[in-house]
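Colleague: sequence below, structure please.
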Amino acid sequence: MISVRLILLAWLFACLVAAGLDPYEVLGVARDADEKTIKSQYRQLLKQYHPDKNPDPEAHERFIEVGEAYGILNDPKKRENFDRFGDPEGQPQHNGMGDMFGQFFHGHPGFGGQQGRRRGPDTQVAIELTLQDFYVGKDLDFGVEMLNICESCDGSGSADGKRHTCLKCRGLGVQTTTRQFGPMIQQFQLPCDKCQGSGETIANRCKSCGGQGTAKKPRQYNVFIAPGTPRNHMHVLEGEGDQNPDWVPGNLNLRFTENPRENWGFRRVGDNLYRTEVLTAQEAAQGGWLRKIHMFDDEIVTLKREKGQAVMQGHVDIVAGHGMPLASDHDEHGHLFVDYKVIPVGTSSREKDEL
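Modeller: Numbers count the residues shown, from 1 in each chain. You can find the predicted model right below:
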């Protein structure tokens with residue numbers, strides 16, 4: 001029988017795997033918080049982590065997390081999906097207790113192992129994109145090195161195609177050991193250390209794969225990243241996980257991350273874009289200036305002030321419809337928020353560039 005200790009270990013592991021980003025924790029609000037409380041906390045955190053006010057290198061990431069968390073809780077549908085499924089897009093979260101125990105105890109009597117080949121693990125791959133890729137979309141060709149069934153031995157691991165019943169476990173794949181704890185006697189079933197739980201041994205191993213039955217080989221893929229795709233979006237290629245003779249391939253999960261160094265001075269928060277424009281003290285006080293902002297789709301947004309129009313430090317211009325394309329409708333956009341930083345007289349060109 002399986003020991004209680006192993007059951008507890010499996011349970012703890014399941015809890016860790018299931019853990020993820022929680023918008024309630026990011027904003028520091030209760031799950032039953034109302035809209036007013038959420039918005040108030042959101043505004044306080046934006047001020048706390050704004051990159052212009054907080055020099056901490058982690059402030060930028062926290063600033064983005066706060067914006068994305070608010071984007072979930074401020075949208076009634078996304079909030080309902082997260083509360084029900086743990087996913088704002090409404091996809092039920094797997095890897096629950098049933099799945100975890102099924103995988104952990106697969107093949108052991110008394111735990112209802114699946115019939116036939118079990119499903120293999122999913123493979124996670126992060127693909128870094130620029131903010132421009134997320135804005136205009138991208139047709140992406142890439143390669144991933146994955147485990148494939150060995151072509152030389154057709155997955156048997158044997159050069160002559162022969163596999164033999166393991167003599168140590170008699171083909172069961174497990175060994176039973178007995179231990180006594182005081183007056184109690186417990187039996188443990190562990191994978192056989194001779195055949196690694198397969199129940200079979202190989203006398204003449206395949207030279208191409210070393211008897212593993214699989215070999216790493218690059219696979220080529222093409223995926224389209226639609227305009228407005230959310231940062232860290234997971235794209236699932238079903239059945240494209242690692243191959244193995246003992247299992248049905250799992251999925252290849254592609255997570256699209258953003259390269260923060262190639263953002264043209266923009267910061268993305270949900271469907272909106274933010275940027276900081278630098279003005280001299282004279283420009284801020286007297287006006288008479290013009291700025292042209294080049295967007296990712298080659299469009300130019302013009303910002304200007306006539307003579308006599310002053311701009312205060314921290315003032316924010318909102319340019320409607322010039323943020324990120326909406327994932328649900330690429331013809332619609334969020335907004336562009338431009339805040340102004342006024343630099344003192346005598347600031348060097350190098351210092352201006354750093355700002």
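
Colleague: for Val311, which non-adjacent residue is closest in space?
Modeller: Closest residue in space to Val311, ignoring its immediate chain neighbours: Ala284 at 4.9 Å, by C-beta to C-beta, 6 or more residues apart in numbering. The C-beta positions use only the backbone N, C-alpha and C, and glycine is treated the same way.

Colleague: wait, is that neighbour part of a strand?
Modeller: No. Going by DSSP: H, G, I helix; E, B strand; the rest coil, the assignment for Ala284 is helix, not a strand.

Colleague: ok, it - contacts?
Modeller: 310-313, 340, 342 (C-beta atoms under 8 Å, 6 or more residues apart in numbering).

Colleague: Lys47 too?
Modeller: With C-beta under 8 Å, 6+ apart, Lys47 has these contacts: Lys53.

Colleague: ditto for Trp289
Modeller: 279, 283, 304-305.

Colleague: which one of these is nearest Val125?
Modeller: Leu279 (43.3 Å; C-beta to C-beta).

Colleague: list the buried residues of the helix or strand harbouring that closest one.
Modeller: Assessed by DSSP states H and E, Leu279 sits inside strand 272-280. Within strand 272-280, the residues scored as buried using 16 or more other C-beta atoms under 10 Å are 272-274, 276-279.

Colleague: who's in contact with it?
Modeller: Contacts for strand 272-280 (C-beta under 8 Å, 6+ apart): 52, 67, 265-268, 289, 291, 293, 303, 311, 322-324, 334-343, 345, 347, 352, 355.

Colleague: again, but for stretch 66-82
Modeller: Taking C-beta under 8 Å, 6+ apart as the rule, stretch 66-82 contacts 21, 23-24, 26-27, 29, 33, 35, 38-39, 42, 45-46, 49, 87-90, 231, 269-272.

Colleague: A helix includes Tyr42, no?
Modeller: Yes. When three-state DSSP is applied, Tyr42 is found to be in a helix.

Colleague: on the three-state scheme, the nearest residue to it once chain neighbours are set aside is what?
Modeller: Closest residue to Tyr42 apart from its sequence neighbours, by C-beta to C-beta, 6+ apart: Tyr70 at 4.4 Å. Put simply, Tyr70 is helix when judged by three-state DSSP.

Colleague: now for Tyr70, how many residues are close by?
Modeller: By other C-beta atoms under 10 Å, 22 other residues sit near Tyr70.

Colleague: quick check: it vs Leu273, distance?
Modeller: Tyr70 sits 16 Å away from Leu273 when distances are taken as C-beta to C-beta, to the nearest Å.

Colleague: same question for Leu237.
Modeller: 30 Å.

Colleague: nearest spatial neighbour of Gly211, chain-adjacent residues omitted?
Modeller: Arg205 is the one closest to Gly211 (C-beta to C-beta, 6+ apart), at 3.4 Å.

Colleague: my read is that the one you found contacts Gly161, right?
Modeller: No. Arg205 is beyond contact range of Gly161, at 11.8 Å (criterion: C-beta atoms under 8 Å).

Colleague: residue boundaries of the helices in the protein?
Modeller: 4-18, 23-27, 35-49, 59-73, 76-85, 97-104, 131-136, 281-286, 349-354 (DSSP state H).

Colleague: returning to that earlier point: out of the contacts of strand 272-280, which end up buried?
Modeller: 67, 266-268, 289, 293, 303, 311, 322-324, 334, 336-338, 340, 342-343.

Colleague: where in the protein is pLDDT low?
Modeller: By pLDDT under 70, the weakly predicted segments of the chain are 1-21, 51-52, 57, 90-116, 180-182, 346-355.

Colleague: burial count for the closest residue to Asn148 other than its chain neighbours?
Modeller: Counting by C-beta to C-beta, 6+ apart, Asn148 lies nearest to Lys217, which is 4.7 Å off, once chain neighbours are set aside. Lys217 has 14 neighbours, counted by other C-beta under 10 Å.
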